[in-house]
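Q: structure for this input, please:
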Amino acid sequence: MFEEEVEESSVVVYKKKQRLQQALWLVYQQGVCTLSQLAKGVHTSVPSVTELVEQLVQENWIQTVGTVTGNNGRRPTAYSLNPDFHRVVVLDINTHGLSLLVIDTKHEVVFKHEAPVPLENSESYLETLKSFVMETFAIIPFPEGR
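A: A predicted model of the protein is given here:
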């Protein structure tokens with residue numbers, strides 16, 4: 001009986017994680033979403049999506065951007081990704097050199113570092129690559145408190 005509860009708990013945790021990812025992906029695709037739009041996209045109820053959104057706001061993944069105009073009655077709150085909190089690191093390795101880009105959630109390049117290191121098939125190239133990445137991380141300007 002205890003094992004069944006553990007399995008159910010893990011299924012519940014898995015489903016919640018899956019819904020969080022779906023909600024993030026939907027906000028990423030749409031740019032701005034309301035709770036109603038998220039509920040439709042994630043295929044769950046508005047109260048369930050409200051709980052997900054509260055968690056994502058608390059973890060700084062998304063932020064409130066205001067209310068949507070044009071509706072009769074109560075205006076829904078709009079949410080978007082928090083562009084100042086999370087970044088994507090892209091390492092471009094090509095035959096002519098290396099580029100490391102830091103991109104925010106609005107697809108804007110925040111930082112770019114390049115080096116004219118030609119591609120090689122050797123162990124020393126891996127060390128060069130590692131050094132390039134570590135040196136770049138040392139000079140990336142992170143937002144305050146990060």
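Q: wasn't V117 part of a strand?
A: No: V117: not assigned to a strand; according to DSSP: H, G, I helix; E, B strand; the rest coil it is coil.
Q: wait, it touches T95, no?
A: No: with contact defined as CB atoms under 8 Å, V117 does not count as touching T95 (10.5 Å). Just so you know, the C-beta spots here come from the backbone N, C-alpha and C atoms, and that holds for glycine as well.
Q: and those two? Which one has more around it.
A: Each of V117 and T95 has its neighbours counted (other CB atoms under 10 Å); V117 has more, 15 against 7.
Q: dump the residue contacts of the closest residue to the more buried one other than its chain neighbours.
A: Nearest residue to V117 in three dimensions, chain neighbours excluded: L98, at 5.1 Å (CB to CB, 6 or more residues apart in numbering). L98 makes contacts with 91-92, 114-115, 117, 129, 132, as judged by CB atoms under 8 Å, 6 or more residues apart in numbering.
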